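In: Requesting a structural model of the entry that follows:
(chains A, B, C and D)
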Protein chains: 2
Amino acid sequence: MNKKATINEVARQANVSIATVSRYLSNNGYPIKEETKEKIELAIKALDYTPNYLGRMLKTNKSMDIGVIIPTILNPYYPAVILGIENLAREKGYNILLCNSKRDKTLQKQYIDTLIQKQIKGLIISSIGDEETLFHDIVKKGIGLVSLEEEAPIDGVGQVLFNYQNGAYLAIRHLIEQGHRKIAFLTSPLNKKSRNEILQGYSRCLNDYKLDYYKVIENKQENEYENGIMLAKLLMAEKHLPTAVLAVNDMAAYGIMQYLMQNGIRIPEDMSIIGFDDLIISKMMNPPLTTVRQPSEMTGELAASMLFDILEGQQARKIVLEPELIIRASTKKI
Amino acid sequence: MNKKATINEVARQANVSIATVSRYLSNNGYPIKEETKEKIELAIKALDYTPNYLGRMLKTNKSMDIGVIIPTILNPYYPAVILGIENLAREKGYNILLCNSKRDKTLQKQYIDTLIQKQIKGLIISSIGDEETLFHDIVKKGIGLVSLEEEAPIDGVGQVLFNYQNGAYLAIRHLIEQGHRKIAFLTSPLNKKSRNEILQGYSRCLNDYKLDYYKVIENKQENEYENGIMLAKLLMAEKHLPTAVLAVNDMAAYGIMQYLMQNGIRIPEDMSIIGFDDLIISKMMNPPLTTVRQPSEMTGELAASMLFDILEGQQARKIVLEPELIIRASTKKI
DNA sequence: TTGAAAGCGCTAACAC
DNA sequence: GTGTTAGCGCTTTCAA
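Out: Down below sits the predicted model:
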């Protein structure tokens, strides 16, 4: 491990000034004699020189990093979001600092602080809960901010939202059209706005169709799959079983299916199940899961594109993505 | 968006020197009078000051970032690896720059260059193919390097490997013990070392048990799930069907199961299936997938811990993780 | 087309 | 306990 060469040494080796080397490196059309260029190229090769962006960033006050904070990458919804962000970021020459907040406010705050200190130009965050002052601090520092899923509490923040309510509506309407009348909604704790919106879409649709029976079961477990199993257990304890179930997300739906099938309930013959997300594996399930698609990769790309717009001085926008119902084999007409 | 305050302004506001502020910030036991501390704290609050780590990093030549390059985060094996890395990195105060190489050598090279320029202290990479000079360049720059899955072609590189061969052996032996005699191996292109090792474990075990029948089907598709479907199709075209199948990975196994079941083959009654990886969703499948567990989160944690050891001057080590067979319901005695 | 020099925000050696 | 100052590697203004 030899000491890294600096621009100074390259300049000395090539017998030119560091200004010239710098101009060569930034490659911005500044005129340099061919001969000089060649000398510099030779020196760079000889010294195995790599520019130190820290110096550049410090000088120009332009880091080329953006932060991405998500609850947990173990939820298969997020990898696609991240990939979407990365696709655009790469084009623009940015890299991604990835952080898993694990739904821990302290940890999230800590990550944000570090990211700010590392001079990120922008932050895309799927935040936990309403963090007005937090968001405010970030924007005040001149850092571009885009909020995923949750409505931003202040101005100047880009937002890529999803119409959860319509998603649930679509799902329930489909079930009703398929002849279902007893439709339950099984959910994780209703401490997230998105989950509440799904609940609203669910009840709005039942209302519209003048259906009076419904059952909402909530459970406290935060691991979505385990939660699904618990929810199914609670469901089975009911006197009157519904003929169809809307799960708050796909992972929970997997758990519900698993438990029901192990207890002799056939899907979709005895019970129809609709999930929410359309994770890549939902189509691989047996039966393949009917679900409300929330376009994850597109969410990432939109968020990134919005972020770069903000960085270029444009107004922060708000996009609400509309759901699409993906009908597979976990639901059936009765 | 007000201009960011610097350490100078804090010093002026607090009526102390910037050295004192710097000492206060680095918080390394250097003695400072209580009163002075308070003045500084007040100034920091008043100016809404956040330290600029770029300055510190440049001065101390210590960035606190590490790079992580993986083929694609869409493969559910990697998120857990990343989480494992992050867990340790956070403890040590490091952040992660995440890059998806998409199995594209040019892109991978490009990412590595940028990461080096951004002065990462270390790199954990699941590389594509044998990149001797690439690895060499990284190590030469004094950057800690840990290779995942693939054996490193040069010295000084940490390695977290997995005993794929034993994994396959375990799987096949289990099938044999369950009475299976016709066992096929279905695989993606054999252009990865890991896949070849699985093949070797497969044939070694059949050899040991003096079983002469076997069938290896390879297909070119790179999307693992789609590949699984194609593989199952090819399998069905055979005159004599095996009673059991080892899939090269879990995602392929899902595809195989899907296709077989849609074509009236019951799993495990008509055909046993074993996967390879134990992705978190494998237990959620129907039937839950018997598979060889490759401990992903532990891989990440080990890689990170090895990297930090290297950064502290220790010798690069090589760890080979041993497989564990997770028996679920996709296999059965015959 | 090139060079000299100031300075980005910070740390640390040295002086008091 | 605190201040002065050089300089990390780079860009950019100004002058030539």
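In: Run through the strands of the stretch 51-200 of chain A in chain order.
Out: Counting by DSSP state E, counting those that start in this stretch, the stretch 51-200 of chain A has strands at residues A:65-70, A:95-100, A:122-125, A:144-148, A:158-162, A:183-187.
In: List the contacts of the shortest one.
Out: Taking contacts as CB atoms under 8 Å, 6 or more residues apart in numbering or on different chains, the residues outside strand A:122-125 that touch it are A:66-70, A:85, A:112, A:115, A:138, A:143-148, A:303-304, A:307-308, A:310-311. C-beta here means a position set from N, CA and C on the backbone, and glycine is covered the same way.
In: show me which of the residues you listed neighbour chain B.
Out: Filtering the contacts of strand A:122-125 for proximity to chain B by CB under 8 Å from any CB of the partner chain leaves A:Leu115.
In: A:Ile295 and A:Tyr254: what is the separation?
Out: One correction, residue A:295 is Pro, not Ile. Between A:Pro295 and A:Tyr254 the distance is 20 Å, computed by CB to CB, to the nearest Å.
In: In three-state terms, how would A:Val245 be classified?
Out: Per DSSP: H, G, I helix; E, B strand; the rest coil, the local secondary structure of A:Val245 is strand.
In: nope, A:Ile267 is what I was after
Out: coil.
In: Surely it and A:Gln258 touch.
Out: No - checked against CB atoms under 8 Å, the pair A:Ile267 and A:Gln258 is beyond contact range at 10.0 Å.
In: So which of A:Pro295 and A:Tyr254 has more stuff around it?
Out: The residue with more neighbours, out of A:Pro295 and A:Tyr254, is A:Tyr254; 27 against 18, by other CB atoms under 10 Å in any protein chain shown.
In: Give me the helices and strands touching the helix or strand harbouring the more buried one, please.
Out: Using DSSP states H and E, A:Tyr254 maps to helix A:250-262. For helix A:250-262, the contact count by 3 or more CB pairs under 8 Å, 6 or more residues apart in numbering or on different chains; DSSP states H and E identifies strand A:183-187, helix A:224-236, strand A:244-247, strand A:272-277 as packing neighbours.
In: ranking those by burial, who's on top?
Out: strand A:244-247 (a mean of 30; mean count of other CB atoms under 10 Å in any protein chain shown).
In: hmm, back to that, JSON lines please, covering the helices and strands packed on helix A:250-262 and showing distance to A:Ser330 and mean pLDDT.
Out: Formatted as JSON lines, the helices and strands packed on helix A:250-262 follow (distance: least, CB to CB, whole Å; pLDDT from 0 to 100):
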{"stretch": "strand A:183-187", "distance to A:Ser330": "14", "mean pLDDT": "96"}
{"stretch": "helix A:224-236", "distance to A:Ser330": "13", "mean pLDDT": "95"}
{"stretch": "strand A:244-247", "distance to A:Ser330": "10", "mean pLDDT": "97"}
{"stretch": "strand A:272-277", "distance to A:Ser330": "5", "mean pLDDT": "98"}
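In: how about TSV for those, with distance to A:Gly158 added?
Out: Converted to TSV, the helices and strands packed on helix A:250-262 look like this (distance: least, CB to CB, whole Å):
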stretch	distance to A:Gly158
strand A:183-187	28
helix A:224-236	27
strand A:244-247	30
strand A:272-277	22
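In: now the helix or strand that contains A:Glu38: mean pLDDT?
Out: Assigned by DSSP H and E, A:Glu38 belongs to helix A:34-47. Mean pLDDT, computed over helix A:34-47, is 93.
In: is DNA strand C contacted by it?
Out: Yes - on the criterion CB under 7 Å from any atom of the strand, helix A:34-47 is in touch with DNA strand C at A:Glu35, A:Thr36.
In: In that helix, which residues are buried?
Out: A:Thr36, A:Lys39, A:Ile40, A:Ala43, A:Ile44, A:Leu47 (16 or more other CB atoms under 10 Å in any protein chain shown).
In: Output the below-cut-off pLDDT ranges for chain A.
Out: Along chain A, segments meeting pLDDT under 70 span A:1-3, A:213.
In: For it, which residue gets nearest to DNA strand C?
Out: Nearest to DNA strand C in chain A, going by CB to the nearest atom of the strand, is A:Pro31, at a distance of 2.9 Å.
In: Around that residue, how many other residues sit close by?
Out: 5.
In: Check A:Ser63 too.
Out: Quick note: A:Ser63 (other CB under 10 Å) scores 23 neighbours.
In: repeat for the one 3 residues further on
Out: A:Ile66 is surrounded by 27 other residues when neighbours are defined as other CB under 10 Å.
In: again with A:Gln315
Out: A:Gln315: 10 neighbours (other CB under 10 Å).
In: quick one: it is in a strand?
Out: No - under three-state DSSP, A:Gln315 sits outside any strand and is assigned coil.
In: how about it, phi and psi?
Out: phi -60, psi 140 (degrees, to the nearest 10).
In: how close does it sit to DNA strand D?
Out: 26 Å (CB to the nearest atom of the strand, to the nearest Å).
In: show me what contacts A:Lys39?
Out: Counting by CB under 8 Å, 6+ apart, A:Lys39 makes contact with A:Ala14, A:Asn15, A:Val16.
In: Out of the residues you listed, list just those in strands.
Out: When these are checked against strands using DSSP state E, none is located there.
In: PyMOL command for the buried members of those residues?
Out: Selecting only the buried entries of the contacts of A:Lys39 in PyMOL, with 16+ other CB under 10 Å as the criterion:
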select buried, chain A and resi 14+16
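In: filter the contacts of A:Lys39 down to the ones near DNA strand C?
Out: A:Asn15, A:Val16.
In: residues from the stretch 1-150 of chain A in reach of DNA strand C?
Out: A:15-20, A:23, A:30-33, A:35-36, A:55, A:58-59, A:61.
In: Return only those of those residues found close to DNA strand D.
Out: Okay, of those touching DNA strand D (CB under 7 Å from any atom of the strand), that's A:Ile18, A:Ala19, A:Arg23, A:Gly55, A:Leu58, A:Lys59.
In: Quick check: the fifth one touching B:Lys59?
Out: No - under the contact definition of CB under 8 Å, A:Leu58 does not touch B:Lys59, with a separation of 9.5 Å.
In: just to revisit the earlier point, from the residues of the stretch 1-150 of chain A next to DNA strand C, list just the buried residues.
Out: Buried among those by 16+ other CB under 10 Å: A:Val16, A:Thr20, A:Arg23, A:Thr36, A:Gly55, A:Leu58.
In: wait, which of these is closest to B:Lys193?
Out: Nearest to B:Lys193 among those is A:Gly55, at 39.1 Å by CB to CB.
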